[in-house]
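K.L.:
for reference, the sequence and a predicted model appear below.
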Protein chains: 2
Amino acid sequence: MGRGSGGRQKLIDAALELASTTRSLASLGLREVTRCAGLAPNAFYRHFRDFDDLGLAAVDMMGGELRRGLRERRLRLARSRQGSVVSTKGVVNDAGRQNIRETVGLVLDFVTEHPTAYVVGIRELNGSSPKMRAAVRRLLDDFARDMAEDIQQMLDAPMTDAVSMQEIARQVIYQMTFFSMDYLEQPQRRDEIREQAERFILRMFVGEMGLQAMAPKKKAAARK
Amino acid sequence: MGRGSGGRQKLIDAALELASTTRSLASLGLREVTRCAGLAPNAFYRHFRDFDDLGLAAVDMMGGELRRGLRERRLRLARSRQGSVVSTKGVVNDAGRQNIRETVGLVLDFVTEHPTAYVVGIRELNGSSPKMRAAVRRLLDDFARDMAEDIQQMLDAPMTDAVSMQEIARQVIYQMTFFSMDYLEQPQRRDEIREQAERFILRMFVGEMGLQAMAPKKKAAARK
DNA sequence: CACGAATGTGGACACTCGTCTACTTTTTGT
DNA sequence: ACAAAAAGTAGACGAGTGTCCACATTCGTG
């Protein structure tokens, strides 16, 4: 009982493959996908109701793996420099910059290792299916939550309040989608893009610290 | 000689209408669009070679209008407060914040006035057609160029070098695509989203000034 | 006016698509 | 080991599609 001879996985792979090079997920043909997977058209119905269903399954699978992978690698990094907690005001010194560099590298490496899944995911982020959009956004928000949590734990004192940290993490994650796409599409500019991403994150942190320093009361009040 | 009875425009409108509610541009059917436009299927060939062609025409038209509209409204705003040049370090004071607030409002207003075209454009930003992607990105980069130029002119002294300003403007424009989509999709959260966008831009500027202040030589050297 | 280009129409072709029913093979729990 | 459930196959139906050809209409300009 269960997953048979992996036809389900073959279908997901075929769909991602086709969608990444040809079209959006929803515009794929049922027969097109089954043909590419080496199955009969009807085999699709055994596993999925429609393409939204397949898409959500793909997001669950790849997303879960990605999130787990990122967390694991991040924890491994953190453990390798255990004890060297970064001081709040030291986010921008060499230790802080090294942290940012490693995190950006983590994301970009994952992206280059799973290009098809990533491209399709980002494509569906603003895509036509509301369900897919919601699923991908939920996933990105989970990443942002993880990231905010890890950063706060890495510092000896909170850099800012939890809400702002969450907001910043979200904006960083979303901006990273653009960096990642550029990174995949323009291999010759990879170093430059990497540096741009690092600068962006650094700028966000420095900016937040500046805002906190110059008008903490005003900001707290404006946050309703 | 020329555009006859506006069938071309009808086709573009129909395509945007269908794509914004149903699917991506490339996945539309030729007959579907012509039917929605009230024309015979063959009329499509009179105006466009394929859907990429239609898409590029739509981007040219809407993009040009948007860019012209934004520039015009921005200049009008600038003229209405002529003489009150903002000092470089005053970007974050009340005058600077007011500037940011107005610019954000400009963009969000335009978006709410042309939702279908905007949604389709953003959808094609990471879409399946390379030509469309390139066209939309070129358009966004034009916006960024305009924005960088206007900001530099508004200040009494350059806040940072031209390259960095351009980079920041690009990142702000790209992030605004997310804010705009949220703004359209979640009318009940509009005030909150507006404030988030303003905070984001403020944070970018403060961050850049901070970076400039703390390590100008290092940055200049790192810029190759 | 009248001619030609631009624009729009109608019908027809071969093709792919999604879906259904009926049948065979494989996997798996007990 | 056996029976049932799950996975996969085969063929066929109607609907919708892209594209082509030949014909009608509109419109601007000589």
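P.N.:
The structure has been received and is ready for your questions. Numbering: from 1, shown residues only, chains lettered A, B, ... in the order given.
K.L.:
all helices of chain A, in order?
P.N.:
Remark: helices assigned in chain A by DSSP state H are A:7-21, A:30-37, A:43-47, A:51-80, A:94-113, A:115-125, A:130-154, A:162-185, A:190-214, A:216-222.
K.L.:
and A:L28, its phi and psi?
P.N.:
Main-chain dihedrals, A:L28, degrees, to the nearest 10: phi -70, psi 150.
K.L.:
just give me the neighbour total for it.
P.N.:
20 (other Cβ atoms under 10 Å in any protein chain shown). (Glycine included, C-beta is placed from N, CA and C.)
K.L.:
and it, how far is that from A:M61?
P.N.:
17 Å (Cβ to Cβ, to the nearest Å).
K.L.:
how about chain A: which residue is closest to DNA strand C?
P.N.:
A:L30 (3.1 Å; Cβ to the nearest atom of the strand).
K.L.:
give me the neighbour count for that residue.
P.N.:
17.
K.L.:
how about A:M62, nearest residue that isn't a chain neighbour?
P.N.:
Closest residue to A:M62 apart from its sequence neighbours, by Cβ to Cβ, 6 or more residues apart in numbering or on different chains: A:A117 at 4.3 Å.
K.L.:
need the winner for burial among the helices of chain A.
P.N.:
helix A:115-125 (a mean of 22; mean count of other Cβ atoms under 10 Å in any protein chain shown).
K.L.:
in chain A, which helix or strand is least confident?
P.N.:
helix A:216-222 (a mean of 53; mean pLDDT, DSSP states H and E).
K.L.:
domain assignment for chain A?
P.N.:
Annotated domains of chain A cover A:1-48, A:51-214 [automatic domain parsing].
K.L.:
is the first one in proximity to chain B?
P.N.:
In other words, domain A:1-48. Yes - using Cβ under 8 Å from any Cβ of the partner chain, we find that domain A:1-48 touches chain B at A:19, A:22-24, A:26-27.
K.L.:
reformat those as a markdown table; add pLDDT.
P.N.:
As requested, the residues of domain A:1-48 next to chain B are exported to a markdown table (pLDDT from 0 to 100):
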| residue | pLDDT |
| --- | --- |
| A:A19 | 94 |
| A:T22 | 76 |
| A:R23 | 85 |
| A:S24 | 89 |
| A:A26 | 89 |
| A:S27 | 91 |
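K.L.:
inside strands: which ones of those residues?
P.N.:
Taking DSSP state E, every one of those sits outside strands.
K.L.:
next up, the contacts around the nearest residue to A:V59 once chain neighbours are set aside.
P.N.:
Counting by Cβ to Cβ, 6+ apart, A:V59 lies nearest to A:A135, which is 4.6 Å off, once chain neighbours are set aside. A:A135 is in contact with A:55-56, A:59-60, A:63, A:124, counting by Cβ atoms under 8 Å, 6 or more residues apart in numbering or on different chains.
K.L.:
turn these into CSV, including pLDDT and distance to A:C36.
P.N.:
Shown next, in CSV, are these (pLDDT from 0 to 100; distance: Cβ to Cβ, whole Å):
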residue, pLDDT, distance to A:C36
A:G55, 95, 16
A:L56, 95, 20
A:V59, 94, 20
A:D60, 92, 21
A:G63, 90, 23
A:E124, 94, 19
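K.L.:
for the residues you listed, which one is nearest B:D50?
P.N.:
A:E124 (23.6 Å; Cβ to Cβ).
K.L.:
nearest spatial neighbour of the closest one, skipping sequence neighbours?
P.N.:
Nearest residue to A:E124 in three dimensions, chain neighbours excluded: A:M132, at 4.3 Å (Cβ to Cβ, 6+ apart).
K.L.:
so what's A:R194 up against?
P.N.:
Counted by Cβ under 8 Å, 6+ apart, A:R194 has contacts A:104-105, A:108, A:183.
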